[in-house]
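Colleague: Generate coordinates for the sequence data below:
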Amino acid sequence: MGRGRLRIYLGAAPGVGKTYAMLSEAHRRVERGTDCAVAFVEHHGRPRTEVMLRGLEQVPRRTVEYRGTLFEEMDLDAVLARRPRVALVDELAHTNVPGVRNAKRWQDVEELLAAGIDVVSTVNIQHLESLGDVVESITGVRQRETVPDEVVRRADQIELVDMDPEALRRRMAHGNVYQPDKVDAALSNYFRPGNLTALRELALLWVADRVDAYLKQYRSDHRVSRIWGSRERIVVGLTGGPEGRTLIRRAARLAEKGAGGEVLAVYIARSDGLTSASPKELAVQRTLVEDLGGTFHHVVGDDIPAALLDFARGVNATQIVLGSSRRKTWQYVFGPGVGATVARESGPDLDVHIVTHEEVAKGRGLPVARGARLGRWRLLWGWLAGIGGPLLLTPVLDSVHLGLANDVLLYLALTVAAALLGGLYPALASAAVGSLLLNWFFTPPVSRITISDPKNILALAIFVGVAVSVASVVDLAARRTHQAARLRAESEILSFLAGDVLRGETSLEALLERVRETFGLESAALLERESDVAPWTCAGRAGQGPPVERPEDADVDMPVGDHMALALTGRVLPAEDRRVLAAFAAQAAVVLDRRRLREEADQARTLAEGNRIRTALLAAVSHDLRTPLAGIKAAVSSLRSDDVAWSEEDQAELLEGIEEGADRLDHLVGNLLDMSRLQTGTVTPLIREIDLDEVVPMALVGVAEADVEADIPETLPMVAVDPGLLERSVANLVENAVKYSPPGAGVLVAASALGDRVEVRIVDRGPGVPDEAKDRIFEPFQRYGDAPRGAGVGLGLAVARGFAEAMGGTLDAEDTPGGGLTMVLTVRAAGPAARPRSASPAERQAAR
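Modeller: Reported below is the predicted structural model:
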């Protein structure tokens, strides 16, 4: 059976009629023959809602007692057993009373849906988890009962139950929402007109966003490319120039004129990366558009008009705002421009606004080359090739006479070589020197700057033009190659760093060592201080350089927040390295915070465990110690009393009770002391080789022979254990097994060898333990099931496992075939690594 469908009636505030609408829908479905049942609907004493419940089957509710008060909750199991086609569940965000299977009602609804039952439910907008802070700022009331937004978004249908704020207040004043004694307080507090209007707007916007998401999905599924003007969406085309701010503000004003208008600013970059806008200006424009309630998008595309139109149609935009071109008049020779092209290709469904601004027709200006530095030696070789190459080539060509065309090509080759080695300026110098030498030595009339043949003038002009063009392209390609290699290295570093962030593997010292190795520095340290005037302290350090006490003393310092800095020594880093260094610094701060949070969590866990043990210990002292003490005191008082003449049998029975109580106290105090030693880590096992058949019989002393059977083969190897700890472990396990075994069913203690380990299995035929509780029974002060208070404080198994692990062994619980529980105690077989050492009697006594 498939998953059920969820329909939600969403309201802006209590009393708008969500439950009434849900019950009306139920009556309509019942009339159509649908099997509907009311799983839980609360009418809150509203007569009209109570009337709507008549004629609908209601599943009996479950009564839960909590802190002396009876509460009614939805009986989930009863609804699942009834299996209606449609279940009505009111108040989706309701918190269930402790003791119910699920903490929240929406979790109950999830189980109904998983069982194939359709659910109709209700919820108010203030109960959505993501809107908690917004609702609190509006109403001043923090909603404690919330439902995750995703639960509501996954609903198959959401119907908004809307009502005008004044109409809702009139309904409340008539007593249709709250009891008369609560109306005045509600109207003057939560149900003020401003609150209701703001909540109504939240509900309308939330539903509108969901409808918009559905519309986008529908258009995508059905491949609808034509724009549907269901909502004003204005796309602003940005170039990264200063006019972008004007365009964004103009688009925002256009959006304000239409209900629910939305502004989307988009910057389109070429995929080759050869042209780029100012990152600083784009950052300013991004902040501006976000402050105005819009969104910023970065798109890559070679054909800017086509990419802009594709983006606009993809987001179902209705208008595009562009700025007038900054190109000068003569630049229109190369094409009509982006604005004209977009206006021509937009079609009838997109309006294009061309906005004037102060930068119109001022030109874009030539981009400043900010490529990576080519290095001192490479620049030197470039200048040598650009200046010295033509000077050396001239006497060679003067003696060989290859012709002007070949001479031009050879000088051009030197220009290309200069561009490859030293970049643009050596190549331009090479072109200038080469043209002068060609004119002086090889163009008639020689030894003069003038040129007699017009063809030679054209040849030299072409040479200079080709040389400059080739030099520019080669220089740009060389710089881009260098930049690409650097960016690739940076991306690899950042990718590795991001992987460490996701896995949480890198320690602070390892991260600082990676920083030092990456940038070739002597040392790296993360410094922090508590305030602006407090001294700096070192949180972590790597490298062999001298320690840095202040960021100002380092060669490079990278601030991380207000009171933390990454300090590096060894050399001064170039400006382009600070981008990656900033990522390392931020990650170092995250690693430090994670380490401290982990330490705090460990401390909190230790404190919580200590508090839990102390609480359980107090409970044990309050009952399990007082009970035998009370019995002993009563028996002793009876024996000392002169008012009653006790027979010998009575005296023997009282003395036996005293002895049993004393034994019980001795066993309990022994376990408490053992648990205390395990918690404080003071258990030091004295390992030596011994046979199991020497230890197990000692552990069975005090257990009736009819209750236990031992099967210890003589062929077993010796084990490397502490005899005292092993005896206590086996004794506790046997005692526990006998305690839970039914009458007449004995406990089996068997041993077997398995490789370099020896297993001791304590098998009982008791009720057993489910898999999810097998680990929990080894925790201190844990008693499984309905064990009576006299069964102990739940320390025996915890002590047994602690002793087993102290000896290098393990203790696990398994199911007994046919029913029951088997405790498997695994210890090491004796070998070369386990050699006996002499222990003093005092040490043996302490171990026991």
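Colleague: now stretch 92-111, how far from the chain's geometric center?
Modeller: Centroid separation for stretch 92-111 versus its chain: 25 Å, with C-alpha atoms, centre = their mean, to the nearest Å.
Colleague: Counting neighbours, which bits of that stretch end up buried?
Modeller: For stretch 92-111, a neighbour-count test (16 or more other C-beta atoms under 10 Å) marks 92-94, 96-97, 100, 102, 104-106, 108-110 as buried. In short, each C-beta sits where N, CA and C put it, glycine included.
Colleague: Distance across it, terminal residue to terminal residue?
Modeller: Counting by C-alpha to C-alpha, to the nearest Å, you get 13 Å between the two ends of stretch 92-111.
Colleague: what does it contact?
Modeller: 6, 8, 40, 62, 64-66, 71, 73-74, 76, 80, 89, 91, 119, 121-124, 127, 144-148, 151-152 (C-beta atoms under 8 Å, 6 or more residues apart in numbering).
Colleague: any idea how far Gly520 is from Glu709?
Modeller: 73 Å (C-beta to C-beta, to the nearest Å).
Colleague: So which of the two has more stuff around it?
Modeller: Neighbours were counted for Glu709 and for Gly520 using other C-beta atoms under 10 Å; Glu709 has more, 13 against 9.
Colleague: from what I can see the more buried one touches Val749, true?
Modeller: Yes: the criterion here is C-beta atoms under 8 Å, and Glu709 meets it with Val749 at 7.0 Å.
Colleague: quick one: contacts for Arg85?
Modeller: The neighbourhood of Arg85, defined by C-beta under 8 Å, 6+ apart, consists of 34-36, 117-118.
Colleague: From Gly4, how far off is it?
Modeller: Distance from Arg85 to Gly4, by C-beta to C-beta: 9 Å.
Colleague: Of the contacts of stretch 92-111, which count as buried by neighbour count?
Modeller: Among the contacts of stretch 92-111, those classed as buried by 16+ other C-beta under 10 Å are 6, 8, 40, 62, 64, 71, 73-74, 76, 80, 89, 91, 119, 121-124, 127, 146-147, 151-152.
Colleague: hang on, the earlier thing: what's the overlap in contacts for Arg85 and Gly4?
Modeller: 117-118.
Colleague: for the stretch 651-800 of the chain, what spans make up the helices?
Modeller: 692-699, 723-740, 796-806 (DSSP state H, counting those that start in this stretch).
Colleague: list the helices and strands the longest one packs on?
Modeller: Taking 3 or more C-beta pairs under 8 Å, 6 or more residues apart in numbering; DSSP states H and E as the contact definition, the neighbouring helices and strands of helix 723-740 are helix 692-699, strand 747-754, strand 757-763, helix 796-806, strand 821-828, helix 841-847.
Colleague: And Leu733, how far from Ala427?
Modeller: Counting by C-beta to C-beta, the gap from Leu733 to Ala427 is 87 Å.
Colleague: next one: Leu726
Modeller: Counting by C-beta to C-beta, the gap from Leu726 to Ala427 is 86 Å.
Colleague: where along the stretch 401-550 of the chain do the helices fall?
Modeller: Using DSSP H, counting those that start in this stretch, the helices of the stretch 401-550 of the chain run over residues 404-422, 424-437, 454-503, 508-519.
Colleague: between those helices, which gets the lowest average pLDDT?
Modeller: The minimum mean pLDDT among those belongs to helix 454-503 (a mean of 69).
Colleague: so Leu113 makes contact with Ile8?
Modeller: No: between Leu113 and Ile8 there is no contact under C-beta under 8 Å: 11.9 Å.
Colleague: all strands of the stretch 251-400 of the chain, in order?
Modeller: 262-269, 295-300, 319-323, 351-355 (DSSP state E, counting those that start in this stretch).
Colleague: most packed of those?
Modeller: Of those, the one with the most neighbours on average (mean count of other C-beta atoms under 10 Å) is strand 319-323, at a mean of 24.
Colleague: Give me the sheet partners of that strand and which way each runs.
Modeller: Here strand 319-323 has these sheet partners by DSSP bridges: strand 233-238 (parallel), strand 351-355 (parallel).
Colleague: can you list the residues that contact the first one?
Modeller: Put plainly, it is strand 233-238. In contact with strand 233-238 (C-beta under 8 Å, 6+ apart) are residues 244, 247-248, 251, 254-255, 261-268, 277, 282, 285, 289, 294, 308, 311-312, 315-323, 338, 342.
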